[in-house]
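Student: Quick one, structure for this:
(chains A and B)
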Amino acid sequence: QGKFTLLRDTRTDGSFLVHHFLSFYLRAGCKVCFVALLQSFSHYNIVAQKLGVSLAAAKEQGQLVFLEGLKSCLDLLFGEEEQPGQPSPLQFLSGSTSDLRALFDFVRVSLTPADGDSWKGPVLLVDDLSVLLSLGAAPVAVLDFIHYCRVSVCCQLKGNVVVLVHSNEDSEDEENELVVNSLCHHSDLILWAEGLATGFCKDVHGQIKIIKRLSLRQAAEQDLVQIYQYKIQDRNVTFFARGLSAAVL
Amino acid sequence: LVFTEEDKYGLYSNLLFKYFLAEGVVCGHDLFVASAKEHPDNILKELPAPLLDDTYQKELGDEAAAVKSEDFQDSMKIAWRYQNLPKMEASPTTYTKFGHYYDVSKKMSPELCQSVKWHSFYLHEELSFEPKMKTCKMNSGYARLLQSIQRIISQEGFDGSDPQKKQRNVLRIGIQSLGSILWGDDVCCSDTPEDTHSLTKFLYVLRGLLRKSLSACIITVPAHLIQNKAIMERVTNLSDMVVGLESFIGSERETNPLYKDYHGLVHVHQIPRLNSLICDVSDTKDLAFRLKRKLFTIERLHLPPDLSDTVSRASKQDLAGSAKLLSSGCGAMAIGKKHLDF
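Tutor: Residues are numbered from 1 along each chain as shown, chains lettered A, B, ... in the order given. Now for the predicted structure:
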């Protein structure tokens, strides 16, 4: 409860973690607000069906609030004039405001429990945060947005927040690195998917570092780091200790 | 969204671009061509002509005959590890079910070109129109292009908005040299461009349009000119597939004997991972391309055999000959070539 999880990927695609968390929380009966900025609804739906969850059904029952960033953006740019009572969550795109307040309001409204809601704790899932920088949001605005979300979802509503960011080791994208480093300092749990340092391999798709930031909550504690390697299959991801992939044994 | 990094002189990426459009014509898809460099009419006049199965067989006749005469079932004696590698066919005849092949030396006939509906966007002709969509601080050239694409998609019903239309078709969009100075974007000229977000915003909106409709898009970008690497990283993130072409013209690799048979390398930076957890990962990542007189081929990068000074020096033709045999699947052990006798 009240945890902030950071999903991070380097030299590889960490979106399998997003799919995992989405189906995990939906199966657990939580109310999920999914801010999907990079892919369409049908993409997530098809993968979720392979993992055993139906997003369409969850959406209908009100368990899932899905913000499809691509569609929202098109509506904002090509649609008719917006109604005064319903500002678009991606309003910062039109340049009228430079902060992500509209997006935060959307998140807050969707996760505030309504009467008659019997879902367990709220969850905010964001895929992925680095896109906001590409769309012109300032790093400070992004960090403010995350901060507001944490206060509102983790502290007030006792829910969880899971956010995906991309990063590269020798990246020249300073804004992105700034956001990622700042988020790392404030996360309770970091799942860091990396491509193998030795290059591409067919049987081991990458390595995942799990960092439990115990030092965040208690002063004297050390962070716990665990490293596994993984291979992604069609419906599943298998994890194993380093060097012990099935191809080698 | 296929994002292609252009090679230095744009020769080969142009070719790839034309292949994409030509495939659209042959499959009967609608085309949308946008460019700021040359008029789309001219681009369409220069599409390569499609190869039909029988003509191709004839062309390859002597080459194929030489290769097929070897018995592939011979087990290899020395390089026996290679036997387990899948045989990579040099001739594409077995793959004609998916995609078509094109003859680069011939132009597509005008009748074939006219058989599909195509739309064009030439930036310098469109400059007089003001963009109607809400500008979001994007470069006006890009804004106009997006508006044009959106208009075509909704008018022609590619987004399923017209329920009357029973036969749904695919729209192939080709955008040439995006990001170059001709589009009014200085991202290729300076390290700190005036508007760092125009290109990425454009790609995001384009991605939205593509996801919403039955269309596919190829973009070529002179990536070697973009100084700001942060933008390239963001752009890679926003595209489904990123391919880079590196040609050897003018670089030190041109004279390097390792790359003798090829005209350049193909770098696949990213492959699409759509609708599933995994992506279609191929076995090898070293690809090179070559432009023969009639064909543009992409094949696995093979090093020619390493002959040390102690072995009798082979003539240039022999070396090329054995490399060709090697690239046809390691099936033939260069039987009969004297210089490989140990």
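Student: Please count neighbours and contacts with C-alpha atoms only from this point.
Tutor: Will do.
Student: pLDDT weak spots in chain A?
Tutor: Applying pLDDT under 70 to chain A flags the ranges A:80-87, A:95-97, A:115-116, A:197-201, A:245-249.
Student: could you pull out the helices for it?
Tutor: Taking DSSP state H, the helices of chain A run over residues A:15-27, A:41-50, A:55-61, A:69-78, A:101-111, A:130-134, A:139-149, A:174-185, A:214-217.
Student: anything in the second one near chain B?
Tutor: Right, helix A:41-50. Yes. In terms of C-alpha under 8 Å from any C-alpha of the partner chain, part of helix A:41-50 sits within range of chain B, namely A:Ser42, A:His43, A:Tyr44, A:Ile46, A:Val47.
Student: Save those as TSV, and put in neighbour count too.
Tutor: Compiled in TSV, these are given as follows (neighbours: other C-alpha atoms under 10 Å in any protein chain shown):
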residue	neighbour count
A:Ser42	14
A:His43	15
A:Tyr44	22
A:Ile46	18
A:Val47	24
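Student: can you give me the helices in the stretch 151-300 of chain B?
Tutor: Assigned by DSSP state H, counting those that start in this stretch, the helices in the stretch 151-300 of chain B fall at B:198-212, B:229-238.
Student: who wins for proximity to A:Leu189 among those?
Tutor: Within the helices of the stretch 151-300 of chain B, the stretch nearest A:Leu189 is helix B:229-238; the backing value is 23.9 Å (C-alpha to C-alpha).
Student: picking that back up, by mean pLDDT, show me the worst of the helices of the stretch 151-300 of chain B.
Tutor: Comparing mean pLDDT over those, the weakest stretch is helix B:229-238, at a mean of 80.
Student: which residues touch that helix?
Tutor: Helix B:229-238 is contacted from outside by A:38, A:131, A:134, A:171-174, B:3, B:196, B:199-200, B:203-204, B:207, B:223, B:226, B:242, B:270, using C-alpha atoms under 8 Å, 6 or more residues apart in numbering or on different chains.
Student: Up against chain B, what does chain A have?
Tutor: Residues of chain A found near chain B (C-alpha under 8 Å from any C-alpha) are A:16, A:38, A:40, A:42-44, A:46-47, A:70-71, A:73-74, A:77-78, A:93-95, A:131, A:134-136, A:171-174, A:202, A:232-235.
Student: circling back: could you dump the helices of the stretch 151-300 of chain B to CSV with mean neighbour count and distance to B:Gly174?
Tutor: Rendered in CSV, the data for these read as follows (neighbours: other C-alpha atoms under 10 Å in any protein chain shown; distance: least, C-alpha to C-alpha, whole Å):
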stretch, mean neighbour count, distance to B:Gly174
helix B:198-212, 22, 12
helix B:229-238, 19, 17
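Student: can you redo those helices as CSV with distance to A:Leu7?
Tutor: As requested, those are arranged in CSV below (distance: least, C-alpha to C-alpha, whole Å):
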stretch, distance to A:Leu7
helix B:198-212, 22
helix B:229-238, 16
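Student: Do I have it right that A:Asn168 meets A:Arg11?
Tutor: Yes. The pair A:Asn168 / A:Arg11 is scored as a contact, 6.6 Å apart, by C-alpha atoms under 8 Å.
Student: follow-up on the earlier one: list buried residues within the residues of chain A next to chain B.
Tutor: Neighbour-count burial (16 or more other C-alpha atoms under 10 Å in any protein chain shown) is assigned, among those, to A:16, A:38, A:40, A:44, A:46-47, A:70-71, A:73-74, A:77-78, A:93-94, A:131, A:134-136, A:173, A:232.
Student: Chain A versus B:Leu146, what's the distance?
Tutor: 10 Å (C-alpha to the nearest C-alpha, to the nearest Å).
Student: let me fix that: B:Ala223
Tutor: Counting by C-alpha to the nearest C-alpha, the gap between B:Ala223 and chain A amounts to 15 Å.
Student: What distance do you get for that residue to B:Pro110?
Tutor: Distance, B:Ala223 to B:Pro110, using C-alpha to C-alpha, to the nearest Å: 33 Å.
Student: Repeat that for A:Ile211.
Tutor: In terms of C-alpha to C-alpha, A:Ile211 sits 62 Å off from B:Pro110.
Student: can you check A:Thr238 too?
Tutor: The span separating A:Thr238 from B:Pro110 equals 54 Å under the rule C-alpha to C-alpha.
Student: tell me how far the ends of stretch A:216-223 are from each other?
Tutor: When the termini of stretch A:216-223 are compared using C-alpha to C-alpha, they are 8 Å apart.
Student: same deal with stretch A:184-203?
Tutor: Its first and final residues considered, stretch A:184-203 spans 29 Å by C-alpha to C-alpha.
Student: Same check on stretch B:215-231?
Tutor: Start to finish, the residues bounding stretch B:215-231 are 25 Å apart (C-alpha to C-alpha).
Student: For burial, what's the neighbour tally of A:Glu194?
Tutor: Here the neighbour count serves as a burial measure; for A:Glu194 (other C-alpha atoms under 10 Å in any protein chain shown) it reads 21.
Student: Spatially nearest residue to it, not counting backbone neighbours?
Tutor: A:Thr10 (4.8 Å; C-alpha to C-alpha, 6 or more residues apart in numbering or on different chains).
Student: That neighbour contacts A:Val165, doesn't it?
Tutor: No. No contact is recorded between A:Thr10 and A:Val165 when judged using C-alpha under 8 Å, the distance being 9.2 Å.
Student: Which one of those two is surrounded by more residues?
Tutor: Neighbour tally, A:Thr10 and A:Val165, criterion other C-alpha under 10 Å: the higher count belongs to A:Val165, 23 against 17.
Student: Give me the distance between the more buried one and A:Asp203.
Tutor: Plainly put, A:Val165 is 25 Å away from A:Asp203 if you go by C-alpha to C-alpha.
Student: Please name the nearest non-neighbouring residue to B:Ser148.
Tutor: Counting by C-alpha to C-alpha, 6+ apart, B:Phe121 is the residue found nearest to B:Ser148 once chain neighbours are left out, at 7.7 Å.
Student: Now do the helix or strand containing the one you found, average pLDDT.
Tutor: Secondary-structure element containing B:Phe121, defined by DSSP states H and E: strand B:118-122. Per-residue pLDDT values across strand B:118-122 average out to 74.
Student: by contact count, what packs against that strand?
Tutor: Counting by 3 or more C-alpha pairs under 8 Å, 6 or more residues apart in numbering or on different chains; DSSP states H and E, the packing neighbours recorded for strand B:118-122 are strand B:30-35, helix B:40-45.
Student: quick one: strands adjacent to that strand?
Tutor: Strand B:118-122 has the following strand partners under DSSP bridges: strand B:30-35 (parallel).
Student: Rounded mean pLDDT for the strand it pairs with, please.
Tutor: The pLDDT scores in strand B:30-35 average 66.
Student: if we can go back for a sec, and A:Ile211 and B:Pro110? which has more neighbours close in?
Tutor: Set side by side, A:Ile211 and B:Pro110 show more neighbours around A:Ile211, with 19 against 12, by other C-alpha under 10 Å.
Student: doesn't A:Tyr228 make contact with the more buried one?
Tutor: No. Contact between A:Ile211 and A:Tyr228 fails when scored by C-alpha under 8 Å: they sit 11.5 Å apart.
Student: Strands of the stretch 151-300 of chain B, residue ranges please.
Tutor: Along the stretch 151-300 of chain B, the stretches classed as strands by DSSP state E, counting those that start in this stretch are B:171-175, B:215-221, B:241-247, B:264-270, B:287-291, B:296-300.
Student: and of those, who's closest to A:Phe66?
Tutor: Distances from A:Phe66 to each of these were compared using C-alpha to C-alpha; the shortest belongs to strand B:215-221, at 23.9 Å.
Student: Strand partners (parallel or antiparallel) of the closest one?
Tutor: Here strand B:215-221 has these sheet partners by DSSP bridges: strand B:2-5 (parallel), strand B:171-175 (parallel).
Student: Out of these, which gets the lowest mean score?
Tutor: Comparing the strands paired with strand B:215-221 on mean pLDDT, the least confident stretch is strand B:2-5, scoring a mean of 64.
Student: Before I go, just wanted to say thanks for your time.
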